[in-house]
Structure formats: C-alpha cells, structure tokens
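Enquirer: quick check, what structure comes out for this input:
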Amino acid sequence: MAKQRISYVPLEKMDADMRSEMERCQREGTPRPESSAVRAHVPACFWFFANSWRDIFKNGVCEHALKELCRLYVSRSVECEYCGNQRSVNAAASGAVMEDHVKDLLNFEKSTRFDERQKAALAYAEAIVWHTATDDAFWDRMYRHFSEAELVELGCMIGLTMGQQSWLRLLNIDHHQVLAGTSASMAPGFEDARALSDTKAAPEYWAKSKGHSEKAA
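Expert: Modelled structure (predicted):
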C-alpha cells in the first residue's frame, strides 16, 4: 500500500466536541472518520468542512440526491478513490442514486439513466471540474432547471468537493483505519477492510480505468 502522507490525529488528542463529531462520522459516514482525523490537525479546518458539509451537502435548497450525483461525478473525474468508494445512505435509500447511475456518470449526456434536471446538474459539475467553456445556451439550460439559489449552492458544493477530493487523493488514506468497524456510507463491496481489499484487487475496479479517457469516449 502507498505510504500515507499526513497522519491521523488520535481521538485522545481531540477535545470533547471534536470527538463527538468523530463519533457521528463513525455512525453516519458523512464524512468518514479518516478524512476528519486528518483535518483535525487544524481545528478550524476540521470544523470548516464538517459544518459546510452539513449545511450545503446534507441540507440546503437543492435535493440531496442531486448533490450526491455531483459529488460522485467529481470523484470519478479527479480519481479520488477514498471519496469515490463512499455513498450517501439517504440518496441510496431513496432510490435516487443507484450503482447503475454511478457507472454512467462520466457519460451522463448519452445515458438514459438520468432525467434532464440531473443531466443539467452534471453538466454544471462538468463545466466546473473540466474548465469547459460556457455560453448562453449553457446558462439557458441551467436556468430552465435551477433557481439562482440552487445554482449558488450546487456551485459551492461542487467546488468544495473538487478541492477536497483533489487534495485527499494525494494523501493515500483509506477506509476502515479510524474508528473501524462500521460500514456507514460505504459503497457496495467496501463494507469492511477485507471487502475493500478484495474489491480493489479485482480487474474491474473502477479506479483502474482512466477517468479522462472515459469522459472523452
């Protein structure tokens, strides 16, 4: 396994409020405990992400499942395995985000699995992640499906996701290393350390394909 680049802060070195948040991460998995334990080196960074994720990803003006699709689009685009192997329990339970959706994310425009609002949100994510040019037709499409408040929230959430995942992928952290023993918010096949190892070793593991070539296909 690749060498981890930034250590986890031990729970015993966190204050009571941070430990409580870590326990919530353990129960709910959003975010998972490992990334939070890295941010805990700087409490302001720990709380910046925890509070922002609660307010604009889990809650907010846009439906949560739509934001989960955009989060996973970012994961596949920047090839962050740590984040790409997680799933929102709420989005999955509602049936709005299934594994078949995830497989089609980088070719969403051609897919029959997404409705027009979902495709518009993913086009917004694509423009942010890949720095694609936008014109009046692009923005007309956005305004057919979203209010300005929704566009602001989606844009901030996608930007936050892209920045964090682009950073986390460098650190070589993985699941089931901090507060292990929970499968909360893990994708199918990643529920525990053994399953994670087996899935990553499989030839069809998603991160073994090249995200850029998938998008261009």
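
Enquirer: what residues of the top helix by length along the chain count as buried?
Expert: In terms of residue count, the longest helix belonging to the chain (DSSP state H) is helix 148-168. Judged by neighbour count using 16 or more other Cβ atoms under 10 Å, the buried positions of helix 148-168 are 150-151, 153-155, 157-158, 160-162, 164-165, 168. To be clear about C-beta, it is placed using only N, CA and C from the backbone, and glycine gets the same treatment.

Enquirer: residues contacting P43?
Expert: Neighbour list for P43: 15, 18 [criterion: Cβ atoms under 8 Å, 6 or more residues apart in numbering].

Enquirer: and the pLDDT at it?
Expert: Listed pLDDT for P43 reads 98.

Enquirer: ditto for the one 10 residues further on
Expert: W53 is assigned a pLDDT of 95 by the prediction.

Enquirer: how many neighbours does it have?
Expert: Per other Cβ atoms under 10 Å, the neighbour tally for W53 reads 19.

Enquirer: which SS state does it fall under?
Expert: Here W53 is recorded as helix under DSSP: H, G, I helix; E, B strand; the rest coil.

Enquirer: that one contacts T30, doesn't it?
Expert: Yes - W53 is within contact range of T30, at 6.7 Å (criterion: Cβ atoms under 8 Å).

Enquirer: before we move on, back to that, CA-only coordinates of the longest helix of the chain in CSV, if you can.
Expert: In CSV, the C-alpha atoms belonging to helix 148-168 read as follows (Å, rounded to 0.1, in the frame of the first residue of the first chain):
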residue,chain,number,x,y,z
GLU,A,148,-30.2,31.2,-8.7
ALA,A,149,-30.1,30.0,-5.1
GLU,A,150,-29.8,26.4,-6.3
LEU,A,151,-27.1,27.3,-8.7
VAL,A,152,-25.1,29.0,-5.9
GLU,A,153,-25.5,26.0,-3.6
LEU,A,154,-24.6,23.5,-6.3
GLY,A,155,-21.6,25.6,-7.4
CYS,A,156,-20.3,26.0,-3.9
MET,A,157,-20.8,22.3,-3.1
ILE,A,158,-19.1,21.1,-6.3
GLY,A,159,-16.2,23.5,-5.7
LEU,A,160,-15.8,22.3,-2.2
THR,A,161,-16.0,18.7,-3.3
MET,A,162,-13.5,19.2,-6.1
GLY,A,163,-10.9,20.9,-3.8
GLN,A,164,-11.2,18.4,-1.0
GLN,A,165,-11.1,15.4,-3.2
SER,A,166,-8.2,16.7,-5.3
TRP,A,167,-6.3,17.1,-2.0
LEU,A,168,-7.4,13.8,-0.3
